[in-house]
Structure formats: structure tokens, C-alpha cells
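*Asks:* Here is my input; please provide its structure:
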Amino acid sequence: MALILVLAALTVLTVMLSEIQDESSAEFGSALSARDALVAEYAAKSGVNLSRLLIAAEPTIRRSLTLVFALVGGPRQIPVWAYADRILGAFNDSDGADSFASLAGVDPKLGKNLGFKGGGFRLEIVDEDSKINFNVAARGDAFSQTRLASQIIGLIKAPQYSPLFEGRDADESYTDRRAVCSAIIDWIDPDQDQALCDPTSTTAQQAAAEDSFYQLLKKPYQRKNAAFDSLEELHSVRGISDDFWSTFIDPDPDKPDKRIVTVWGQGAVNVNTANPQTLLALVCQASNNLARMCMDAVEAQKFIMAMTMLRSFMPGLPVFKNAQEFVSALQQTNQVGAPGTPGAAAAPGAIPGMGGGGSPIAMIMKAMQIEPIPIVSAAETAKMVTTESKVFSIYATGYVRSGKRESRVRVHAVVDFRGAPSPQQQLNDLISRLGQGASGQSTVPPTTGTQPVNNPTGSTQGGIPSVMKPGPGGNVVYYRVD
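*Replies:* As a prediction, this is how the structure comes out:
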């Protein structure tokens, strides 16, 4: 009996100790994961802030290459963000330091206070101005809506995408191309009129009221009638199925630079950084879908191949100095306007071998027997494109390795650099204000009109406007931690 009691007691104690050990191990592992996740999150935040500094310093880097750009007709924006992971490797872990050393030929280990111990970060910066901006229609004017409609139709019009619009949606309804286009614009625009989405129509048409599609769903909801806050909000729009999402919105979640559309940006598309699919949509918009490549899948593939070849021949080098060069290249002419037009003048800023018919894109189009694009309005097309980006998505993934376990945290920040001063300009302004303060002069800018009264002690008249002004690092308009 004593032996049986001892064995029973040992069995119970063994079970209790095993349970306590498992619980302690789980709590200890959870604590380590939480600690590593916190370190990884701050590593990702460091990557975001360093990226903002790098993008803000691009104008300074551009000025230092004035002699180099003089050979191609003038300064152009340098896509430094495409190489951020290697340029900022000096502030990263040992892998990043080796990458920086191979790029710059300098060993960061010889410097002081460099490197990141206990973790690291991976960076990918996406130029949002290189994509089609759906939020353009939120401006409410007919021109912006028509422009977005042309871009959407040009994006989804190709015959190979027809199967996406022939079956039933998840809500058991049919949605063709124009219905999807109208649904996107109606979700954004502030009015209650249904978008026509017929760029080829040259006659005035009366728009009907927006339908009640969303009210007839099993779980009804209202249209937003305002700009999108994020890409995920597109799932709420009629016709945006999973197949549509994976084809046009986010083809590869692990490679955000493959995206064709955006809900951030200044509206105009940067033709120096846009991918070939986006450029094809712009061509169809500029030609009112009359270009041959907008109706023939083979011609469209030839154009995409030509743009891909151009990027491989000139990696990281901006091709166009301004929008007029892009328009002239599509027309395969050195002149503004159609070839042979009486009174046509040379494009402003055009340079031999880079703009118009001598540009690389025009030469590749001629070599591949791609016809000149019949642009409806060269002036309006030039307004829809740009050669300088101001809005960027920064994807920073912080990680901490502990044995075989790796904790990762991803931060997605969208930064708007419109109106942001360069770091050098900010420093000069600060030195100027400090100099005025030391000399006894007022640091408050002179104003006209009625002066405010009863200001708090130490306040300045321009306090609130100065807070709203963007700093050198731009304004963060979207922030998400995963």
C-alpha cells in the first residue's frame, strides 16, 4: 500500500510539475516575443524616419550632380528611394552594413555610433505618384471624373480581362466594365449623380441618380461619397471582387511596387517611375482609347515589352525632363503637336537624343513597329503627367532574430512631401531666426490688418499656421503597424 501511495503521489507531482513547466515556458516565450516585437517595431520606425531623411535630402543630392545632368539637358529627380535599403545599410545590422560597404566602398564598422545591434530592418519605398490615383474624382469637378474614367477604362478594357466581368459577383449580381468604373467614381465623388464612364462619347448626356445597389444587399450600407482612406476600403465598392483585386489593385502583396493604382498621391502620374501597365492606361486615356494597342492585346503586349526593355537599358535613370518630352515621344516627333502640323514648335526643354523622336522610348517604339499614339490633346495630356514625385509609401519591416525564432513587425507609412522644405533650407531658416533673436529683432513675421488681442504669454501670432506647415520630413498621411 505504501508503494502504491508513493507511486500515485509521484505521478500527481510529475503531472503538476510538467504543467507548471509548460506554463512557465509559454509565459517566458510570450514575454520574449513581446520584447522582440517591441524592438522590431522601433527598428521599423527607425527605418521609416531614416527613409524620410533620405527622400528629403534628394534635392541636395540633385544639386551636387549639376555637371552630370548638364550632359542630358538639366537636373532631374533622382530615385534615391529605390536604393534606400542599401544606402541606409550603415545604420542597419551587419547584413545592411555589408550591403552599404559594397555600394559605397566604405566600411561602417570603422565609424562610431553606427549600426543596429539586436535587430534590423528591411525597407521598400513605393512611389505613389507613379500609379493611377482613384481619389482624383474626390475633387468633384467633371474634368477630374472624366480623366479618372478614361484611366480606369484604359486599365481594364483589354480583351484578356473580359472573363472577370462575365460571371456573377459574390452578391450574385453582374457587373460589367462601365458598372465597375461608375461604382468606383460614385463611391468617391461628393454628388448624387451616377458617373457615366463613357470617355468615347462626344455628346452631352444626362446623368441619372446613383443606384440603390448597396441598400439592397443583405447587410446594407451607404456610399461614402468621399475620398478613400486606404486601399482596403476598395473591397466595399461594387464589382471589386477578389479576382479584380488580385489583377488590378494588388497583384502581389509581397511586392507593393507591382501595384497599378493608389489612393494617395498628387494626381498626376510620374512617367519616369510608372510601370508599363500604368503607362498603357495613360496612353489609352490620352488617345481616348483610339490607339491600336488599346484594342489589340498583341499591340498592348508589344508596348509593355518596349517599356520593360527601356527600364532594363536605363535602370534608375529618369528618361524625361518634363511632360512635353513624354508627349512628343509618344507621338514620335520632336515637335509639340501632331507631326507635320503647321506652326508646330520645338518642345520646351527638348534636348537632342532625349526628347521627342530622338528619345529612347521613341526609338524603341519605332524598332518594334509600334505606331505613333494619336493623342487627342497634347496640352491636356501634359497636365496629367509629371516627372517629379512627392508622395511615397514606406514599407519598413523590423526584425529581431533569436535562435531559430524571428520576430517581425511591419510599418506602412505614407508621407507627403508637397511643400516640404529641404533640411538645408530648414537649417538656414533656424540660423536666421536665432541670429535675429540674438540681435534683439522680433522673430515674428510682420503682418497687416487687425492684430490679435489677449495672446497667451510667450505665444506668437503665426503659431498655428507654423504647426500646420510640413517639415523637412514631410507629412504622414497614413500609418499602419502589422
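*Asks:* show me what contacts residue 140?
*Replies:* Residue 140 makes contact with 189, 190, 191, according to Cβ atoms under 8 Å, 6 or more residues apart in numbering. C-beta here means a position set from N, CA and C on the backbone, and glycine is covered the same way.
*Asks:* Now with 10 Å, please.
*Replies:* 188, 189, 190, 191, 225 (Cβ atoms under 10 Å, 6 or more residues apart in numbering).
*Asks:* Same check on residue 270?
*Replies:* 77, 79, 127-131, 278, 318, 320, 385-391.
*Asks:* re earlier: and which of the contacts of residue 140 is nearest residue 377?
*Replies:* residue 189 (22.9 Å; Cβ to Cβ).
*Asks:* Could you give me the PyMOL selection string for whichever of the contacts of residue 140 are buried?
*Replies:* Under the burial definition 16 or more other Cβ atoms under 10 Å, those of these that qualify are selected in PyMOL by:
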select buried, resi 188+189
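*Asks:* re the thing from before, in strands, which of the contacts of residue 270 fall?
*Replies:* Mapping the contacts of residue 270 onto strands (DSSP state E) picks out 127, 385, 386, 391.
*Asks:* TSV please, covering these and showing distance to residue 66 and pLDDT.
*Replies:* Formatted as TSV, the ones in strands among the contacts of residue 270 follow (distance: Cβ to Cβ, whole Å; pLDDT from 0 to 100):
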residue	distance to residue 66	pLDDT
127	23	93
385	25	91
386	21	92
391	26	95
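*Asks:* By neighbours, which of those residues wins?
*Replies:* residue 391 (26 neighbours; other Cβ atoms under 10 Å).
*Asks:* Quick check: beta-bridge partners of it?
*Replies:* residue 416 (DSSP bridges).
*Asks:* which residues does it contact?
*Replies:* Applying Cβ under 10 Å, 6+ apart, the residues near residue 391 are 126-131, 133, 262, 264-267, 270, 414-418, 474-475, 477-478.
*Asks:* Please repeat the previous calculation with a cut-off of 6 Å.
*Replies:* Residues near residue 391 by Cβ atoms under 6 Å, 6 or more residues apart in numbering: 128, 129, 264, 265, 416.
*Asks:* I figured residue 145 hits residue 136, correct?
*Replies:* No: using Cβ atoms under 6 Å, residue 145 is not in contact with residue 136; the gap is 8.1 Å.
*Asks:* From the contact counts, what lies against the longest helix anywhere in the chain?
*Replies:* Ranked by number of residues, the top helix in the chain under DSSP state H is helix 2-56. Contacts defined by 3 or more Cβ pairs under 6 Å, 6 or more residues apart in numbering; DSSP states H and E place helix 2-56 against strand 120-127, strand 391-402, strand 405-416.
*Asks:* re earlier: just the buried members of the contacts of residue 270?
*Replies:* Buried among the contacts of residue 270 (16+ other Cβ under 10 Å): 77, 79, 127-131, 278, 318, 320, 385-387, 389-391.
*Asks:* And the residues you listed, which is closest to residue 236?
*Replies:* residue 131 (20.1 Å).
*Asks:* what stretches of the stretch 251-400 of the chain score poorly on pLDDT?
*Replies:* Low-confidence segments of the stretch 251-400 of the chain, defined by pLDDT under 70: 315-316, 334-360.
*Asks:* which residues in it form helices?
*Replies:* Applying DSSP state H, counting those that start in this stretch to the stretch 251-400 of the chain gives helices spanning 276-286, 297-313, 323-331, 360-367, 378-383.
*Asks:* Adding distance to residue 178, write the contacts of residue 391 out as CSV.
*Replies:* Below are the contacts of residue 391 laid out as CSV (distance: Cβ to Cβ, whole Å):
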residue, distance to residue 178
128, 27
129, 27
264, 26
265, 24
416, 32
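*Asks:* Quick one: neighbours of the nearest residue to residue 159 once chain neighbours are set aside, just the number.
*Replies:* Among residues not flanking residue 159 along the chain, residue 297 sits closest, at 5.4 Å (Cβ to Cβ, 6 or more residues apart in numbering). Per other Cβ under 10 Å, the neighbour tally for residue 297 reads 12.
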